[in-house]
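Trainee: Predicted coordinates and the sequence they were generated for:
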Amino acid sequence: MPHSLVRAILLGVLSVTAALVLAACGSSGDDGGSAATVDSGKDGRRGGTLTLLTSQDVANLDPGITYSSLDLNMLAATQRTLYKYAPDDPSNIQPDLAAGPPQVSPDGRTLTVRIRRAVRFGPPVNREVTARDVKYAIERGFNPNVANPYAPQYYGTVVGADRASGGPIAGIETPDDHTLVFRLTRPTASLLAEATILPLSAPVPQEYARPLDARSPSDYGNHVVSSGPYMLEADRDGRVLGTGYVPGRSLRLVRNPNWEASTDERPAYLDAIEWRIGGRPGVSGRQVLDGEGMILGDTPPPALVKRAYQDARDQIVFSPGAGNRYVTLNTAIPPFDDENVRKAVAAALDREQMRRIRGGEVVGDVASHFLYPGVLGFEEAGGQEGTGVDFLAEPRGDMELAREYMRRAGYADGRYDGDETVQVVGLAGAPDDANAQIVDQTLQELGFDTNLRIVDASVYYSRFCALPRARVHVCPNVGWIRDFADPQTVLNLPFNGAYIFPENSPNISQLDDPAINRAMARGELTVGTDERASAWAEIDRMVIATAAAVPWLWDKQPNLSAEDVRCVPQLWNQGHCDFSYTSIE
Amino acid sequence: MSDAEAVLRVEDLRVAFDTRDGLLQAVDGVSFAVARGRTLGIVGESGSGKTVAATTAMGLVRGARVRTSGRVLLDGEDLLGASPERLRALRGATIAMVFQDPLSALHPLLRVGAQIEEAVRAHRDVGRAAARARTLELLEHVAIPDARRRRDAYPHELSGGMRQRAMIAMALANEPRVLIADEPTTALDVTVQAQILALLRRLRDELGMAMVLITHDLGVVAETADEVAVMYAGRIVEQAPAAELFAAPQHPYTWGLLRSTPRLEAAVGADLVAIPGRPPSLLQPPSGCRFHPRCPYVRERHREVDPALEPLAAGPDHRVACLLPEAERQALWARLAAGATPEQARAAAAGGSEEAAR
Amino acid sequence: MAAYILRRVLWGLVLLVLVSALTFVVFYVLPSADPAQLRAGRSASPETLAQIRESLGLNESLPSQFWTFLTSLMLHADLGYSYFSGASVGSLLIDRLPATLALTLGALVLWLLVAVPVGVLAAVRRGTWVDKLTTGGAVLGISMPVYWLGLVALYLFSDDIGLIPLLPGAGAYVPLTEDPGAWFAALVLPWLVLASTFTAVYARLLRGNMIEVLSEDYVRTARAKGLSERRVVLRHGLRAAATPLVTLAGLDVGLLLGGAVLVETVFNIPGIGSLSYDAIVNADYPVIQGTVLLAACFVIVANIVVDILYAYLDPRVREA
């Protein structure tokens, strides 16, 4: 059972569904994942305890560290970030701790956020949240003991952040208790405003957290203080470990006594959330479908998806916009340093079949570019139709065209006859391994000698795909999940030449195209929603045109809940039932 | 010996095992009797059926694959037909047995004393303390020095002789009327053998037991047995009072045994000669006389005619199953006893008979 | 004997150091997951990754990391902290041990209670239907994968998702101190599943031993003494036939205490096995090291116990 800690990895690991071809059931024309079926969570019944079953443990309780999908769900109920997404709107940020919309200066170099009054920390801190708590929360993200993974990326333009190591950052100012001003070296204020939906902007009380942050690594997670409607059960001193959190076993969220409903849009119907860790998804999924007051946090196995889809349609939600999947082709080494060879692979791949073995239509749309539904710029990049390149025109693959591209690459009979043996590394576990096999077979049809290796999720990136010196040619099971709706979060790291690192390299194709790099540098600094949408849509087209990676699926994530649970799925977060909106009937 | 005297009487005992390869006739019509205070020696090579006959008599050979017939009468009561419960009550109480290898016959994980105690308490309703006391008495009776300490020893901690004494003590726990000793000295040193035999004789006389002494060694029975039965291939081929048998053995197989026995003072000299060949398969016993494949004096007729165990004209107590004429047997034995090889004896006997004919 | 045990214990300690060194080497030399990368995620820059390595102490040289581990273990009985949850490894092990103990010992009792009578009966009634049923059952029991059997048990008999709701299913475990009744009920299915394979193995083994022992001379002696068949079989036969079983049981229990991984994961029992499983998946090296050491401890102790027990059961061994 592959696990992962990290949101981005998660996608690669999501074993959505398998060979049971659900497309057949989907032929009724009803799209199980359409936004129309999504509940906004109005008028729920108050009270009750919701039980969340997952196979994997929470990755980290610290809002400054956490970056995994399940944890984000927990944090969305216990921490108030400056801005957030409403569960039914994954595209437009809304004020949470902020008192109103972000104020971006005309030059885009200053972001001013007003903080709500009367938001109070949970026990044992029990005081009002101020702008300084947000300032500290972000500063500690640069503390090596916290080492927030995305702080340099999104907060890196804050004045003084480049030298920050946990101490005060000059560019974060708090003129008064309820005003926060970010001064930036470059015009990235609107991107920063959106990035505050990530948990790093949740307030952290400095006087309480500083001694914990002095430990290496920081121990704040095990003493985490709430600012949202719920809190982890804790002892008198605020220690969560052993109380509200027993590693590998359970977490327990209870109401935060200091939470004021008047300061928050969250209805917070539930009295408590019990998170039980460790069950196998096949068993837990059945328990959820047959039980009461339960939801499943894991991807249900195909048999259960099928069963729920056929017999309990209101107990399964297919959440669209759950990420993209693509095959990377290593542009740094032969034979895929040749653009035409890459295009031949793209043309040859039967993306329809890639989707079919995962379960067909219900698990997502066949992808034709990287920006996926729900991400800004999706429509501008060509929407469902794609960017118009011929090698991705036919979802079932076009072998004729593929041969033509091979000929253009100098292989006269349309088949590879070079010396390279193509190293293909696939992800273990159904249906990912089957996807890898299809890619492997496609390569062989084009004449390549291949060496397919299937490896476990925990080493897929670190020892193979994201490690350039491993010299892997093809990774069929790569994917990326946006951090928020801005298209930069989907395209920048995976395809920017600046992000080719000797290890943990997010740019797996090692695409280093000067034109694209320049366009991205400009795109980062582009101000305005429409402008950003078109700028990054153009980048999407440019990347597609290089065929450095072949997109094949825009995921819809299935989520199961018990019959009596009125699940309100977080469309911005894999469709997990939002604890603060979900209710039990 | 009259019927009335016999404590144990075996009549026409037949034991066969139903094996995968067919019926194995281990004991084929064996009869004998032992009286109080007397000893019957049963002699034969291994595989001759002597141990099977004895253990069957004890009721230890039972099972789905065993076919038995005949009678084993203990004080007139047939043991072959006895219920398991009745057998259990008699075993170890009225009829007891001493086995060949005391190391394997004693439970390796239990103390010697405990094993004897168990034998006592199996048949007597006595407490633990009384059984322990009786055990000590028994160990002393079989002349185990430092019996109190030996009682708490494990079998592997005792010498071979001590172990066999303990075995005997166990068999005697309830003063049985019949003691079957199956090769009691085979596993022991020569010096110890004599001691154990002396012990058995002493106990037999003291307790007035009827004893069946099973051995492959004629030397063992010479001093101890009153009567000897020689078994070959599941049958008794010669049976006689001990002195008679040693003085005038009648069966070529007995001769062979005698010639292969070291302590016999008969004038065989230093020539110890094993009987050539091997005991026959009991799955398919030879036709005619079962000894014919190994018999140096075999005649054509012997391959077809099966000899019966019949008394000698000279003495009805001496019976033999041999087709050779009695006179010829005497001539042969005379030569063999004088040190001749079977070939020499046969040649001489042939000449002798020619001379006589002339 | 005392000197012998002392020698064994000391040798056990040396073995533990070797085992932990081996675990260390295996973890770092084989292409296992990188805890820093798992924690950092794919977006992290090399600088962030370096910071995380530093905060977890992964930037130091391997010998120095191992030395730190050894000294804190030896001097402070400190196994370190989970990379993942930050909880101390010692507290995690203590948290998980009761469930594993309950699972293992309960299953042991169960499998011995079933396997011994069945094995004896099959040996005594050799060739009859009892024997054939036992042999057939044993083959079945041995060949059924525990994980699969656990799932079948859940789908058939668990009170939440089973066809015939009988017993609490996966995730029902509660600590004994919390609710003894629920604790017991939740362990019944796991006990049955865990015991099934062992029952099969033990019954088969005992049957074989028993058949061999019953043909031994000393069993004939016991019969010749006039002991009841029951006493012959149970006291003389079983006593000898069961001795190898005791050795096996000791070692099996030692291994299982190190974690009955499959049963614990299927039934979601928070034991050592599921802890080590998660630790491996998460590249949580300190926890892996802790569970490996604990398992090694149990195996070493089990070996010593088995030796002592064997000497107690078989006097012939004592002198050797």
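Mentor: Arrived safely.
Trainee: Please make it C-alpha for all contacts and neighbour counts, starting now.
Mentor: OK.
Trainee: these two touch, right, residue C:12 and residue C:302?
Mentor: No: counting by C-alpha atoms under 8 Å, residue C:12 does not reach residue C:302; the two are 10.9 Å apart.
Trainee: Those two: which has the busier surroundings?
Mentor: The neighbour count for residue C:12 versus residue C:302, taken as other C-alpha atoms under 10 Å in any protein chain shown, is higher for residue C:302 (22 against 19).
Trainee: Where does that one sit: helix, strand or coil?
Mentor: helix (DSSP: H, G, I helix; E, B strand; the rest coil).
Trainee: right, and it touches residue C:254 too?
Mentor: Yes: taking C-alpha under 8 Å as the definition, residue C:302 is a contact partner of residue C:254 at 5.1 Å.
Trainee: With just CA atoms, put whichever helix or strand residue A:538 is part of into CSV.
Mentor: Using DSSP states H and E, residue A:538 maps to helix A:529-546. Extracted C-alpha coordinates of helix A:529-546, given in CSV (Å, rounded to 0.1, in the frame of the first residue of the first chain):
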residue,chain,number,x,y,z
THR,A,529,-6.1,37.4,-12.9
ASP,A,530,-6.8,37.5,-16.7
GLU,A,531,-3.2,38.5,-17.5
ARG,A,532,-1.9,35.6,-15.5
ALA,A,533,-4.4,33.2,-17.0
SER,A,534,-3.3,34.0,-20.5
ALA,A,535,0.4,34.3,-19.7
TRP,A,536,0.5,30.8,-18.1
ALA,A,537,-1.9,29.3,-20.7
GLU,A,538,0.7,30.3,-23.3
ILE,A,539,3.4,28.7,-21.2
ASP,A,540,1.3,25.5,-21.0
ARG,A,541,1.1,25.6,-24.9
MET,A,542,4.8,26.1,-25.1
VAL,A,543,5.6,23.1,-22.8
ILE,A,544,3.1,20.9,-24.6
ALA,A,545,4.8,21.8,-27.9
THR,A,546,8.1,20.5,-26.6
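Trainee: do you know how far the closest residue to chain C within the stretch 451-585 of chain A is from residue C:283?
Mentor: Nearest to chain C in the stretch 451-585 of chain A, going by C-alpha to the nearest C-alpha, is residue A:459, at a distance of 4.8 Å. With distances taken as C-alpha to C-alpha, to the nearest Å, residue A:459 is found 10 Å from residue C:283.
Trainee: out of the two, which sits in the busier spot?
Mentor: residue C:283 (25 against 20).
Trainee: Unless I misread the structure, that one falls within a strand.
Mentor: No: applying three-state DSSP, one finds residue C:283 to be coil, outside a strand.
Trainee: check contacts around it.
Mentor: For residue C:283, the contact set (C-alpha atoms under 8 Å, 6 or more residues apart in numbering or on different chains) comprises A:458, C:32, C:33, C:34, C:35, C:38.
Trainee: Can you tell me how far the residue nearest the centre of chain A is from residue A:488?
Mentor: What sits nearest the mean C-alpha location of chain A, by C-alpha atoms, centre = their mean, is residue A:481, with 3.5 Å. Separation of residue A:481 from residue A:488 (C-alpha to C-alpha): 11 Å.
Trainee: Write out the residues of the stretch 101-250 of chain C neighbouring chain A.
Mentor: When proximity is defined by C-alpha under 8 Å from any C-alpha of the partner chain, the stretch 101-250 of chain C lies next to chain A at C:151, C:154, C:160, C:161, C:170, C:171.
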